[in-house]
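Engineer: Here is the input, now give the coordinates:
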Amino acid sequence: MGNVIDYLAWRGDLTLEQVPFSAVDALVLSALSYIHFDGLIPAGLEDPVPLGRAAETYLALPEDQRGRCRCEEDLVLLQALAGAPRFAKMGLCRYADRFVPKEESQFAALTVLPGDGSAFLAFRGTDGTLVGWKEDFNLSFLDVVPAQLEAAEYIRTFAERSPAPLRLGGHSKGGNLAAAGASLCPVRARDRIGTVWSFDGPGFGPYLLARPGYQELRTRLHSFVPRSSVVGLLLAHEEPHTVVESDQEGLFQHDLYSWQIRGPDFVRLEEVDAGSRMIDRALKDWLAGLTNQQRETVADTLYELLSSGDAKLVSEALEPQNLADVLRAVKDVAPKDLLTVAASLARLAGAALRAL
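Structural biologist: Numbers count the residues shown, from 1 in each chain. All right, here's what the predicted structure looks like:
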């Protein structure tokens with residue numbers, strides 16, 4: 001067994017003519033969407049850049065002159081893709097990266113042209129910023145969030161400009177954006193979509209689940225979650241999911257590089273483990289006990305506190321110097337909002353105990 005890096009070493013020399021596009025290929029390209037290719041990939045369809053060349057150019061840049069890197073594994077992935085004939089000649093285009101704190105919106109996507117006449121639209125997951133984290137929370141009380149609308153527009157505009165059959169995919173929030181964007185885009189575009197892959201992507205609220213687009217896509221929507229999934233079971237799913245083995249434990253299984261692959265496919269399991277089911281019950285019980293207004297108050301208050309200092313990333317907000325800013329900002333928060341946060345956290349603790 002191995003992960004996506006090992007998959008590229010084992011299978012990267014096989015062309016799409018030899019072995020057709022698979023769910024593992026979709027995960028590889030979903031991972032690629034996390035790379036900040038600023039200035040290296042065109043925003044339009046014209047003159048797509050070969051993936052291998054884009055990877056080599058990005059890796060050759062001094063660290064302080066290239067787009068932010070999410071993790072070291074992403075750099076290893078790029079190096080492997082540059083040397084894999086299956087992927088190196090794929091064209092990259094329509095790079096989009098929009099970050100608007102005032103709108104609490106973080107959206108990024110790119111289009112991959114595999115060379116078989118199709119197009120794969122890859123949507124980036126949460127990037128670790130406080131804004132991205134806040135938009136994830138907004139999913140629990142808004143019918144749609146700005147990034148979902150942007151995903152629908154990204155799909156629509158591509159479908160208008162190209163006759164290529166479409167595949168969509170993303171990891172984490174990127175999987176949610178792929179599915180939500182497909183559900184919200186016009187029928188003419190949606191009819192061109194062959195498959196949507198969501199890799200441990202959170203689910204949807206009642207509004208999107210009831211949309212005709214989501215119902216039409218259910219047979220084309222493929223969800224994959226690790227055996228101890230938390231993120232991928234959030235909110236509601238009506239489509240079935242496939243459980244994948246991971247070499248990590250607990251929340252760390254959300255890391256796509258921990259997912260286990262044997263040959264051309266994931267190592268598949270029958271169901272998620274007992275811990276995942278317990279956490280899923282607790283979170284659903286907790287959210288069911290909160291009104292939409294309470295969910296919004298909790299998300300807004302925590303975001304206001306964590307962003308009160310200079311932190312832009314969630315990891316920065318948890319550093320000691322920034323936590324001091326958070327504590328100082330507490331005095332400026334309305335007492336009723338603090339009470340709502342405290343009560344909701346108490347409900348979460350109670351839901352966790354009931355799920356044991």
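Engineer: Now for residue 25: which residues touch it?
Structural biologist: With contact set as Cβ atoms under 8 Å, 6 or more residues apart in numbering, residue 25 has these partners: residue 86. In this view, the C-beta of every residue, glycine as well, is placed from N, C-alpha and C.
Engineer: before we move on, what about residue 153?
Structural biologist: Residue 153 neighbours (Cβ under 8 Å, 6+ apart): residue 185.
Engineer: Tell me which helix or strand it sits in.
Structural biologist: Applying DSSP states H and E as the criterion places residue 153 in helix 146-161.
Engineer: what stretches of the stretch 201-350 of the chain score poorly on pLDDT?
Structural biologist: By pLDDT under 70, the weakly predicted segments of the stretch 201-350 of the chain are 232-233, 235, 280, 283-284, 286-288, 296, 298-300, 302-350.
Engineer: all strands of it, in order?
Structural biologist: 221-226, 241-244, 261-262, 265-266, 268-269 (DSSP state E, counting those that start in this stretch).
Engineer: again, but for the stretch 1-150 of the chain
Structural biologist: 49-50, 91-100, 105-113, 119-123.
Engineer: Most tightly packed of the ones you listed?
Structural biologist: Highest mean neighbour count among these (mean count of other Cβ atoms under 10 Å): strand 119-123, with a mean of 27.
Engineer: Sheet partners, orientation included, of that strand?
Structural biologist: Neighbouring strands of strand 119-123 in its sheet, by DSSP bridges, are strand 105-113 (antiparallel), strand 166-171 (parallel).
Engineer: Distance to residue 22 and mean pLDDT added to these, as a markdown table?
Structural biologist: What follows is these, written out as a markdown table (distance: least, Cβ to Cβ, whole Å; pLDDT from 0 to 100):
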| stretch | distance to residue 22 | mean pLDDT |
| --- | --- | --- |
| strand 105-113 | 14 | 94 |
| strand 166-171 | 11 | 98 |
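Engineer: Quick one, which of these gets closest to residue 6.
Structural biologist: strand 166-171 (17.7 Å; Cβ to Cβ).
Engineer: which other residues reach the closest one?
Structural biologist: Contacts for strand 166-171 (Cβ under 8 Å, 6+ apart): 21, 26-27, 29-31, 33-34, 118-125, 155, 158-159, 175-179, 181-182, 189, 192-201, 256.
Engineer: for stretch 182-193, same thing?
Structural biologist: With Cβ under 8 Å, 6+ apart, stretch 182-193 has contacts from 144, 148-149, 151-153, 155-156, 158-160, 164-168, 196, 208, 211, 213-214, 216-217, 220-221.
Engineer: thinking again about what came up before, most packed of the strands of the stretch 201-350 of the chain?
Structural biologist: Most buried among those, given mean count of other Cβ under 10 Å as the contact rule, is strand 221-226, at a mean of 25.
Engineer: Parallel or antiparallel, list what pairs with that one.
Structural biologist: strand 193-199 (parallel), strand 241-244 (parallel).
Engineer: May I see those strands organised as CSV, with distance to residue 276 added?
Structural biologist: Converted to CSV, those look like this (distance: least, Cβ to Cβ, whole Å):
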stretch, distance to residue 276
strand 193-199, 16
strand 241-244, 9
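Engineer: what's the closest of these to residue 279?
Structural biologist: strand 241-244 (14.7 Å).
Engineer: Please state the offset of the closest one from the chain centre?
Structural biologist: 16 Å (Cα atoms, centre = their mean, to the nearest Å).
Engineer: So what touches stretch 31-38?
Structural biologist: 4, 51, 54, 58, 66-70, 74, 77-78, 81, 92, 95, 97, 108-110, 112, 122-125, 127, 170-171, 174, 256-257.
Engineer: ok, 6 Å please
Structural biologist: 67, 68, 70, 74, 77, 95, 110, 122, 124, 256 (Cβ atoms under 6 Å, 6 or more residues apart in numbering).
Engineer: Filter those residues down to the buried ones.
Structural biologist: Buried members of these, scored by 16 or more other Cβ atoms under 10 Å, are 70, 74, 77, 95, 110, 122, 124, 256.
Engineer: Identify the residue with the minimum pLDDT among the residues you listed.
Structural biologist: Looking at the buried ones among the contacts of stretch 31-38 by pLDDT, the weakest one is residue 70, with 84.
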